[in-house]
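>>> sequence and predicted model, in that order:
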Amino acid sequence: VQLVESGGGLVESGGSLRLTCTVSGFTFSRYHMSWYRQAPGKERELVAAISSPSGSTNYADSVKGRFTISRDNAKNTVTLQMNSLEPEDTAVYYCNARDRILSHVDYWGQGTQVTVSS
């Protein structure tokens, strides 16, 4: 099982980044997918989630209207489009996959750093 995040980096406040999580080793369409983030000294928090098979989404209040999560079941990818980035969005972003039937089964990526300068 592999979840590989990409697309992180350094961006100025107000800029955009697009994170991609590419997965392998399990049946992607069976899994709810989420993005979490963890800033230094803070707990990991849910940023956005997209369910399977309905594709319904939910977002943390702090990112609503700025971030968009989507998934491509044919390509086994989930993306997080981040617009209007703020310094408070600086964190390591993690991809998570949770089995929609066996909810105790979940997998994590290694994380990708997003840094927003003011």
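On my side now, so go ahead.
>>> please make it C-alpha for all contacts and neighbour counts, starting now.
Will do.
>>> look up how far residue 75 lies from residue 38.
27 Å (CA to CA, to the nearest Å).
>>> nope, residue 83 is what I was after
From residue 83 to residue 75 the distance is 23 Å (CA to CA).
>>> who has more neighbours out of those two?
Between residue 83 and residue 75, counting by other CA atoms under 10 Å, residue 83 is the more crowded of the two (17 against 11).
>>> for the residue nearest to that one when sequence neighbours are not counted, what are its contacts?
In space, and not counting its chain neighbours, residue 83 is closest to residue 16: 4.4 Å by CA to CA, 6 or more residues apart in numbering. For residue 16, the contact set (CA atoms under 8 Å, 6 or more residues apart in numbering) comprises 81-85.
>>> output the below-cut-off pLDDT ranges for the chain.
The model of the chain has no residue with pLDDT under 70.
>>> mind listing the strands for it?
Using DSSP state E, the strands of the chain run over 2-6, 9-12, 17-24, 31-38, 45-50, 57-59, 67-72, 77-82, 91-99, 106-108, 112-117.
>>> the first one pairs with which strands, and in what direction?
So the one you mean is strand 2-6. Next to strand 2-6 in the sheet, as set by DSSP bridges, lie strand 17-24 (antiparallel).
>>> coming back round to it: dump the strands of the chain to CSV, plus mean neighbour count.
Below are the strands of the chain laid out as CSV (neighbours: other CA atoms under 10 Å):
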stretch, mean neighbour count
strand 2-6, 19
strand 9-12, 15
strand 17-24, 20
strand 31-38, 24
strand 45-50, 20
strand 57-59, 17
strand 67-72, 20
strand 77-82, 21
strand 91-99, 23
strand 106-108, 16
strand 112-117, 20
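>>> that older thread, got the contacts of residue 16 as JSON lines, with distance to residue 67 columns?
Shown next, in JSON lines, are those (distance: CA to CA, whole Å):
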{"residue": "81", "distance to residue 67": "5"}
{"residue": "82", "distance to residue 67": "4"}
{"residue": "83", "distance to residue 67": "6"}
{"residue": "84", "distance to residue 67": "8"}
{"residue": "85", "distance to residue 67": "9"}
